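Student: sequence and predicted model, in that order:
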Amino acid sequence: MSDSQYGSRFSASYEPPSDTSSFQMNPLSSHPPRTPRTSIMSNGSHVFGTDIYDTKADAGEKPQEIEAEDSEEEDEKPGSAKSRVRREDVWREMLKSSNGRDKAFKIIQYSMRMYLLFHLAVTSSPVFRGQKRPPWEAELLKRLTSAIAGFSLTRKCLILFNWLPPLTSILAQHSSDPYATNKNKQKPLLHTFLHAPPPVLLEFVNGLADDAATFSRLGLLGKRTGERAGRLADWCWFASTLVNLVENSVERSVILDLQHQVESRLYAESMAGGATSKSNPTASKLDEKELVRLQRQDYWIQVTRLKLLMDLIFVSYDVFRFKRAKGQVQTFAGLASAALSTAKLYDRHKNLLSKTHTH
């Protein structure tokens with residue numbers, strides 16, 4: 001419609017129409033019109049919802065656009081629940097669990113090993129080689145060496161009976177066997193063990209071997225038995241690390257594919273134009289939130305992969321009995337693995353605390 005036609009049509013005083021079910025713009029208003037949007041209360045119009053983005057859990061809950069925008073604005077506020085979580089509360093929740101204490105002790109243990117490594121490198125340099133060392137230095141090194149061994153044994157005791165979770169998983173699979181329920185005949189338990197998923201079976205054997213090696217260090221089993229159990233535990237750790245790396249690569253490929261799909265939808269929406277009738281602001285915001293979630297998930301998948309690579313380097317020295325630079329490489333790999341796993345556990349507890357604060 002041209003400007004002259006527009007002016008001639010509304011040259012008289014403006015009178016609102018009798019049908020107020022849809023929004024009408026006052027042509028005499030000095031404010032520019034906003035992006036047209038179909039009213040959700042309109043009787044004769046069709047509203048394009050976001051059904052294709054709803055999961056089964058969200059099928060019965062369909063908020064209106066205004067409510068969704070308000071909740072998104074609240075999430076973006078700096079005073080959100082996640083920003084109100086204190087570091088002390090996160091560390092308190094972490095140290096309540098044996099897993100969190102194990103990560104804290106591991107950082108302390110390998111930090112001490114790193115200090116001893118740098119101390120040895122400095123004192124062995126030509127600058128300090130001929131100098132007389134203070135008497136307290138030898139006592140400090142002795143205490144640190146004893147503390148490292150103590151932290152190592154403490155961490156081994158913290159993860160005792162780690163074979164129980166995979167055992168309960170295998171027993172649950174054995175009790176829910178459809179063959180036994182249909183024909184009233186129970187399969188042998190050994191058959192269920194042999195047909196268990198490889199990661200679960202490796203975790204079970206690794207836990208048993210680790211416990212045997214720990215009992216040997218405590219003096220409950222012989223030294224030769226502990227050495228053989230430790231050797232078996234190293235091989236199980238090596239194999240399970242390789243399996244987890246493969247699963248990590250597959251999971252990341254799926255996440256990247258989903259991320260590409262969301263980016264394609266956002267690009268198509270941006271090319272369609274924000275003010276056209278085909279545009280869907282709610283769908284775009286949902287896609288943006290989904291893209292942020294996928295990018296965050298991909299970030300932690302890469303952190304997990306780096307941690308698994310550090311574990312693989314560490315255990316390879318024990319499995320294949322490498323000697324060259326063993327202390328230096330294992331110290332760096334152990335400290336890096338401890339830092340990465342602690343960061344991941346810290347983020348997990350922080351998210352749990354933020355959810356409890358919102359409720």
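Tutor: Yep, that arrived.
Student: isn't Glu298 up against Val254?
Tutor: Glu isn't right for residue 298; it's Asp. No - using CB atoms under 8 Å, Asp298 makes no contact with Val254, being 10.2 Å away. (Each C-beta comes from the backbone N, C-alpha and C, glycine too.)
Student: tell me which of these two has more neighbours.
Tutor: Counting neighbours by other CB atoms under 10 Å for Asp298 and for Val254 shows that Asp298 has the greater number, 16 against 10.
Student: which non-adjacent residue is nearest the more buried one?
Tutor: Nearest residue to Asp298, sequence neighbours excluded (CB to CB, 6 or more residues apart in numbering): Ile255, at 5.0 Å.
Student: tally of neighbours for that neighbour?
Tutor: Ile255 has 16 neighbouring residues, counting by other CB under 10 Å.
Student: quick one: buried residues of the helix or strand in which His357 is found?
Tutor: Per DSSP states H and E: His357 is located in helix 326-358. Residues 330-342, 345-346, 349-350, 353-354 are the ones in helix 326-358 that count as buried (16 or more other CB atoms under 10 Å).
Student: let's see stretch 207-222 as PDB, backbone CA atoms only.
Tutor: Extracted as PDB, the C-alpha positions of stretch 207-222 are listed here (Å, rounded to 0.1, in the frame of the first residue of the first chain):
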ATOM      1  CA  GLY A 207      37.800 -53.200  41.600                       C
ATOM      2  CA  LEU A 208      38.600 -56.700  42.900                       C
ATOM      3  CA  ALA A 209      42.300 -56.500  41.800                       C
ATOM      4  CA  ASP A 210      42.600 -53.000  43.400                       C
ATOM      5  CA  ASP A 211      41.200 -54.200  46.700                       C
ATOM      6  CA  ALA A 212      43.600 -57.200  46.700                       C
ATOM      7  CA  ALA A 213      46.600 -54.900  46.100                       C
ATOM      8  CA  THR A 214      45.400 -52.500  48.800                       C
ATOM      9  CA  PHE A 215      45.000 -55.400  51.300                       C
ATOM     10  CA  SER A 216      48.600 -56.400  50.400                       C
ATOM     11  CA  ARG A 217      49.900 -52.900  51.300                       C
ATOM     12  CA  LEU A 218      47.900 -53.000  54.500                       C
ATOM     13  CA  GLY A 219      49.600 -56.400  55.400                       C
ATOM     14  CA  LEU A 220      46.600 -58.600  55.100                       C
ATOM     15  CA  LEU A 221      47.800 -60.400  52.000                       C
ATOM     16  CA  GLY A 222      51.300 -61.400  50.800                       C
END
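Student: go ahead and name everything in contact with that stretch.
Tutor: The contact list for stretch 207-222, computed with CB atoms under 8 Å, 6 or more residues apart in numbering, reads 153, 156-157, 159-164, 166, 223, 225-227, 229-230, 232-233, 236.
Student: show me where the stretch 201-350 of the chain has helices.
Tutor: Assigned by DSSP state H, counting those that start in this stretch, the stretch 201-350 of the chain shows helices spanning 223-272, 281-319, 326-358.
Student: list the contacts of the helix or strand hosting Ser152.
Tutor: Per DSSP H and E, Ser152 falls inside helix 135-158. Residues outside helix 135-158 that contact it (CB under 8 Å, 6+ apart): 98, 101-102, 105-106, 108-109, 112-113, 115-116, 119, 210, 213-214, 217-218.
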